[in-house]
Each structure stands twice: as C-alpha cells, then as structure tokens.
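**Q** predicted model, plus sequence, below.
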Amino acid sequence: MPDLKTRRRGAQCLRPIHALLLVVALLLAPVLASASVDRAALERLQLDIWRIRADFHMHTVMAGDREYHSRLLASVDQGQRSFEALARAAATDPERALFRELGPQWEAFASAARRARGQADTYAIQDVNGLAAVITGRLAGFQASNEGAQADIWALAAQMQRMASEYLALAADPAGGMAVDTGEGRLEFRDAVPAFEQQLAELRRTYRDNENVSRALEQAAVKWGFIRESLIKFYENAVPFLVHRYSEQIVDTLKQAGARAG
C-alpha cells in the first residue's frame, strides 16, 4: 500500500493533466456546439440535387449512353452521402425536423433518378422534376443557424446547376418542354441569366483582394460567356451537350473558388 506522502505526490502529478483536459474541453465546446447545419451545407446539397436532375435528363438526351448512366448513378450516390451527412449533423429541433420531413421525399427522388433508362419515362420525369423543386425549396427556405464558409459561392454554383438542369430537362422532353413544369414554377431563363450574372459580378467584387478566388471567378465568367446566349435562345437552337459540358466546368470552377476562399 502506498503511504500518504506517495499518494499526495501522485495527486500533484495528475493536476496538470486534469487542467490540460479541462482546457481542451473548453476549447472543443464551441466547436461541438456549432456542429450544426449551416447555409453553405444546404447550398451544397441543393447543388447535388440539381446535378442529379441535370444528369438524369442528359442521360435521356444521350439516348441511354452507358457513360452518362454511370455519371448519373455517381451523382445520386454523392447526393445520398450529402443528405445522410447533413441528417446526422442536425443538432437542433428544427434541423432534425427538416430532415425527418425530407427523408421520404429524398428517397423517392433518388429512386426515380435511378430508374433512368435513357428514354422518356413520364412518371420518373415528373418525380425527378417535382421532387427536386420541392426539396430544394424547403432547403432554400430553411433558416440556418449560421452562414458557414463561402455560402455565397456555393449558392452561385447551385444556381448555375439549376439552370443547366432546366435546360437539359427541356432538351430531353419530347413534348418540347410542355411536361417539364414542376408545379413549383418553371425557371425562366430571361430572369435567371441576368440574376446569375449579377451574383457573379458581386462575388468578383467581394473577393477581388483574394487572388486565388478572383482568378477562379474570372475563369467561371469566361466559361459562362460560352453558354449565356444558348440559355436565352433555347428554342432557336438547343445545344444540350455544350450546356452540360460548360455548366459542369463552371460549377467545378466555383467549387475550387469556394475551397480557395477558406
């Protein structure tokens, strides 16, 4: 049995360790408390949803090409990971309620996207279009606890992907766009195009002193110039492959800008 003197010496040795653990706990407390769903994360999930919709319709445009089917499935898998991660991160009652509500809708949306066969499937089209609009509408309307890192850049990327998905939905529709209406209001390019340009210009002003982000936004602006007129003049000359290609590049460039801004 250790004597009293030995026990006291051992207790004194443990005091610094206890103090260190207390400091670590105090430092981690605000991090753990803030581990909730922020606006940037919601924008990234919306981006994933619009990419799934774009890839779904591009698969039809390409008549069921296997490469585009693989891209679609990869997009659905990415969206599934994003949705599940946010559902796990939900830390407040409103956040948990949001993802409980959206869970069945997300499953129906992902299932409809996976049913793609490279041809017009009225029910799958209605589900993909309608559920994408409903889910993103709820995400956009949710009051996040904080903005998160580069929410403005992620919002612009999501908007670009939404425009691309709308364009490809119109291009894939054998009725010439008559079946695309989601019930939530069709995206009008004459409004969406100038709105996107305004947002991009605002971001370039905001990040003009960040060389890496500024360069990425400049690249996005150049690529945007290649498809701007195509979006506005869809009914004159549809070029879905061009829009799909450059919209992907713009989104990827905006993702890089978001990463460089941190």
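**A** Alright, I've got the coordinates. All values reported here derive from a predicted model rather than from experimental measurement.
**Q** low-confidence bits of this protein, can you list those?
**A** Per-residue confidence for the chain (pLDDT under 70) gives these ranges: 1-35, 120, 175-185, 262.
**Q** 90 - rerun?
**A** Where the chain drops to pLDDT under 90, the residues are 1-36, 115-124, 145, 173-187, 233-238, 256-262.
**Q** the helices in it, which residues?
**A** For the chain, the helices defined by DSSP state H cover 4-33, 39-61, 66-89, 93-114, 122-141, 151-172, 189-206, 211-232, 240-261.
**Q** what comes up buried for the shortest one?
**A** It stands for helix 189-206. In terms of neighbour count (16 or more other Cβ atoms under 10 Å), helix 189-206 has its buried residues at F189, A192, V193, F196, Q199, L200, L203. (Each C-beta comes from the backbone N, C-alpha and C, glycine too.)
**Q** the second one now?
**A** Neighbour counts over helix 39-61 (16+ other Cβ under 10 Å) mark 39-61 as buried.
**Q** same question, the fourth one
**A** Of the residues in helix 93-114, E95, L98, F99, L102, Q105, W106, A108, F109, A110, A112, A113 count as buried by neighbour count, 16+ other Cβ under 10 Å.
**Q** run the chain-centre distance for it.
**A** Relative to its chain's centre, helix 93-114 lies at 15 Å (Cα atoms, centre = their mean, to the nearest Å).
**Q** same check on the second one?
**A** Computed by Cα atoms, centre = their mean, the separation of helix 39-61 from the middle of its chain amounts to 7 Å.
**Q** and it, what does it pack against?
**A** Counting contacts by 3 or more Cβ pairs under 8 Å, 6 or more residues apart in numbering; DSSP states H and E, helix 39-61 packs against helix 66-89, helix 93-114, helix 122-141, helix 151-172, helix 240-261.
**Q** repeat that with 6 Å
**A** With contacts taken as 3 or more Cβ pairs under 6 Å, 6 or more residues apart in numbering; DSSP states H and E, helix 39-61 sits against helix 66-89, helix 122-141, helix 151-172.
**Q** one more: the third one?
**A** In terms of contacts (3+ Cβ pairs under 6 Å, 6+ apart), helix 66-89 is packed against helix 39-61, helix 93-114.
**Q** what angle sits between that helix and helix 122-141?
**A** Helix 66-89 and helix 122-141 meet at an angle of 40 degrees, taking axes from the mean of the first three to the mean of the last three Cα atoms, to 10 degrees as the criterion.
**Q** where's R260 relative to Q150, distance?
**A** R260 is 9 Å from Q150, where distance means Cβ to Cβ, to the nearest Å.
**Q** the two - which one has more neighbours?
**A** Neighbour count, other Cβ atoms under 10 Å: between R260 and Q150, Q150 has more, with 24 against 18.
**Q** look up the closest residue to that one, ignoring the ones flanking it.
**A** Nearest residue to Q150, sequence neighbours excluded (Cβ to Cβ, 6 or more residues apart in numbering): G258, at 4.3 Å.
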